[in-house]
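Asks: Pasting the sequence and the predicted model now:
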Amino acid sequence: EVAILLKKHPEFGACISEEAKLSVFLSRDPESQREALKKMFESFMQCPQEVSDHNLKLLLIRLQAEQSQLHPHPHDEPAWERKCARAILRLAQQFPGDPGAMAPLFLNYMLMAPGESFFMAANEPHAYVAGEIIECMACSDNVVRAGLTPKFKDVENLVSMLTYTMGGPSIDAGAPCKDPRILRYTPPVPEFEVMMITVSPGETLKMENPGVHAVMIVTEGSGTLDGSDLRPGKAYYWPLQCMDMEFAVPAEKRGALKVAVAHKNLHLDQPTAVNRDDSSRPGSVTITSPNSPIPYLGLARAQHVSPKPGLMAPGLDSIPK
């Protein structure tokens, strides 16, 4: 896909060295593709500002014409290529003049449905476009920025630390607990997992203390927690010594109460999400995922749960553990 896009968008290709482009075109096995991806990304990140600015302007002019209703054949290209072009135009509007708007040409552009999540390993670039998501991550010692930001970009460290993992992530819809109103999102790392609680009008739900410290945030609706009012945006710390919690929603309320609870991973042997790089190792969970030379959007051991449709990309970062 990267090779196709390099040929289709000469403006993007003009920001990449000839050596890096040749590596992409000649790579065949996963290892050579990974190395080619690294060379291409490094070349793009080191492209002189005046060159990237000029070619970004040319690219936007052409894409605006191609994606307009005046174009004679707007649907001749595959859907994934059209989605990629429109993502570039969207990012260029959000971050005028930032060459990071070309990121959809080498990163996956994803639309998450409500209730979906995916796991992102350490040292994976990620970005966030629009919508509302819950992001849970392990402790990190630094943030290295790649684009879509006016802040400093440490290109040398960024290029050296990324994994250049290829392909898309495995989408996780969660697993029901004993009470099906509680969905569990468990990544393959010990630091954390996320529980999504849904309580409908006229219902109560008692949640047992998990035996570890936890944090909670109300994402939607209103109700009570042990008699105290809950509303969206309220956050709570659930101490280890605290009693069980009871959530309730009066019958006259219109919508359900939704609360996210995050704590140490207590189901490490029962992950609902998997690390793509682990899928080929002995004893790991086997997953089916598309083969692609494009790295998935990622973050340092992070789990994203989307309460509303969200598109991953403002601030293109990578966070090492």
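Replies: It's in.
Asks: you'd agree Met207 is up against Arg181?
Replies: No: in this structure, Met207 is not within contact of Arg181 by C-beta atoms under 8 Å, at 9.7 Å. Where C-beta positions appear, they are placed from N, C-alpha and C, glycine not excepted.
Asks: neighbour-wise, which of these two wins?
Replies: Met207 (22 against 16; other C-beta atoms under 10 Å).
Asks: which intervals of this protein have sub-threshold pLDDT?
Replies: 69-76, 275-321 (pLDDT under 70).
Asks: quick check: longest helix of it.
Replies: If you go by DSSP state H, the chain has its longest helix at helix 49-66.
Asks: could you point out which element follows that helix?
Replies: helix 79-94 (DSSP states H and E).
Asks: list the helices and strands that next one packs on?
Replies: helix 2-8, helix 49-66 (3 or more C-beta pairs under 8 Å, 6 or more residues apart in numbering; DSSP states H and E).
Asks: which of the residues in the shortest one are buried?
Replies: For helix 2-8, the buried set under the neighbour-count rule, 16 or more other C-beta atoms under 10 Å, comprises Val2, Ala3, Leu5, Leu6.
Asks: how about JSON lines for the residues you listed, with distance to Ala138 added?
Replies: Output for the buried residues of helix 2-8, formatted as JSON lines (distance: C-beta to C-beta, whole Å):
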{"residue": "Val2", "distance to Ala138": "30"}
{"residue": "Ala3", "distance to Ala138": "35"}
{"residue": "Leu5", "distance to Ala138": "33"}
{"residue": "Leu6", "distance to Ala138": "35"}
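Asks: which one of the residues you listed is nearest Asn265?
Replies: Val2 (34.2 Å; C-beta to C-beta).
Asks: That closest one and Ala113, how far apart?
Replies: According to C-beta to C-beta, to the nearest Å, Val2 stands 26 Å off from Ala113.
Asks: what's the distance between Thr219 and Val155?
Replies: 36 Å.
Asks: Would you map the helices across the chain?
Replies: 2-8, 10-13, 18-26, 30-45, 49-66, 79-94, 155-161.
Asks: tell me the contacts of the residue nearest to Tyr237 when sequence neighbours are not counted?
Replies: Closest residue in space to Tyr237, ignoring its immediate chain neighbours: Val215 at 5.7 Å, by C-beta to C-beta, 6 or more residues apart in numbering. For Val215, the contact set (C-beta atoms under 8 Å, 6 or more residues apart in numbering) comprises Ala235, Tyr236, Tyr237, Trp238, Val261, Ala262, His263.
Asks: So which of those wins on neighbours?
Replies: That'd be Ala262 among the contacts of Val215, by other C-beta under 10 Å, with 22 neighbours.
Asks: on that earlier part again, including distance to Tyr128, could the helices of the chain go into CSV?
Replies: CSV is the format used below for these (distance: least, C-beta to C-beta, whole Å):
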stretch, distance to Tyr128
helix 2-8, 22
helix 10-13, 22
helix 18-26, 27
helix 30-45, 19
helix 49-66, 20
helix 79-94, 11
helix 155-161, 18
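Asks: Out of the ones you listed, which gets nearest to Phe106?
Replies: helix 2-8 (5.7 Å).
Asks: Alpha carbons only: can I get the closest one in CSV?
Replies: The C-alpha trace of helix 2-8 is given here as CSV (Å, rounded to 0.1, in the frame of the first residue of the first chain):
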residue,chain,number,x,y,z
VAL,A,2,2.8,2.4,0.8
ALA,A,3,4.4,1.6,-2.6
ILE,A,4,1.1,2.3,-4.3
LEU,A,5,0.7,5.6,-2.6
LEU,A,6,4.3,6.7,-3.3
LYS,A,7,3.5,6.2,-7.0
LYS,A,8,0.1,7.7,-6.9
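Asks: helices and strands around that helix, which ones?
Replies: Checked by 3+ C-beta pairs under 8 Å, 6+ apart, helix 2-8 has helix 10-13, helix 18-26, helix 79-94 packed alongside it.
Asks: Just put the ones you listed in JSON lines and tack on mean neighbour count and distance to Cys136.
Replies: Formatted as JSON lines, the helices and strands packed on helix 2-8 follow (neighbours: other C-beta atoms under 10 Å; distance: least, C-beta to C-beta, whole Å):
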{"stretch": "helix 10-13", "mean neighbour count": "18", "distance to Cys136": "34"}
{"stretch": "helix 18-26", "mean neighbour count": "15", "distance to Cys136": "34"}
{"stretch": "helix 79-94", "mean neighbour count": "17", "distance to Cys136": "25"}
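Asks: now for the ones you listed, which one comes closest to Gln49?
Replies: Closest approach to Gln49 among the helices and strands packed on helix 2-8 (C-beta to C-beta): helix 10-13, 15.0 Å.
Asks: Show me what the closest one is in contact with.
Replies: Against helix 10-13 from outside (C-beta under 8 Å, 6+ apart): Leu5, Leu6, Lys7, Lys21, Asn55, Leu56, Leu58, Leu59, Arg62, Met102, Leu105.
Asks: so which pair among those residues is furthest apart in space?
Replies: Largest pairwise distance in the contacts of helix 10-13, by C-beta to C-beta, is 19.2 Å, between Lys21 and Arg62.
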